[in-house]
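**Q** Give me a 3D structure for the following:
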Amino acid sequence: MTDKLVEEPSRRLLKHIIKCFIELSKGPRDNEGLRCCIPRSLTYPKIINLLSDDGDGMRGLQQLLKNVQAHVSSTGDLVLVTSWKAELNS
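**A** Residues are numbered from 1 along each chain as shown. Alright, predicted model coming up:
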């Protein structure tokens with residue numbers, strides 16, 4: 001669905017998708033599962049531009065990335081932050 005947004009942008013649909021992902025990211029097990037499959041397309045410039053003049057939408061996207069401990073690198077790639085505890089256990 002998020003890949004379709006890149007082709008046919010819809011701010012309303014994007015905000016709804018982000019809200020759904022935020023709700024999923026609140027549960028520990030769901031958050032871990034979401035970290036594995038969060039759509040990279042959420043960080044595409046076309047998607048970011050869709051939210052650029054929508055403060056609530058942009059804050060929602062930022063909250064989602066914070067919840068799943070991810071950030072967008074300077075090259076535009078989605079980077080998941082691993083905790084040092086997880087690295088010690090592997």
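**Q** right, and the secondary structure at the spatially most central residue of the chain would be what?
**A** Nearest to the geometric centre of the chain sits Leu65, at 4.6 Å (CA atoms, centre = their mean). Following DSSP: H, G, I helix; E, B strand; the rest coil, we place Leu65 in the helix state.
**Q** Please report the distance of the closest residue to Phe21 other than its chain neighbours from Gly55.
**A** Using CB to CB, 6 or more residues apart in numbering and skipping the chain neighbours, the partner closest in space to Phe21 is Leu64 (5.2 Å). In this view, the C-beta of every residue, glycine as well, is placed from N, C-alpha and C. Counting by CB to CB, to the nearest Å, the gap from Leu64 to Gly55 is 15 Å.
**Q** Please, which helix or strand holds the closest residue in space to Asp30 that isn't next to it in sequence?
**A** Closest residue to Asp30 apart from its sequence neighbours, by CB to CB, 6+ apart: Leu24 at 4.6 Å. Using DSSP states H and E, Leu24 sits within helix 11-25.
**Q** which residues are in contact with the helix or strand encompassing Leu50?
**A** For Leu50, the host element (DSSP H and E) is helix 45-51. Defining contact as CB atoms under 8 Å, 6 or more residues apart in numbering, one finds that helix 45-51 is touched by 2, 5-6, 9, 11, 14-15, 41, 57-58, 61, 76.
**Q** ok, which pair from those residues is furthest apart?
**A** Maximum pairwise distance among these (CB to CB): 21.1 Å, between Lys15 and Gly76.
**Q** if you count what's nearby, which of these two comes out ahead?
**A** Between Lys15 and Gly76, counting by other CB atoms under 10 Å, Lys15 is the more crowded of the two (18 against 11).
**Q** Identify the residues contacting the more buried one.
**A** 51, 54, 56-57, 60.
**Q** now it: how far from Arg29?
**A** Using CB to CB, Lys15 is found at 25 Å from Arg29.
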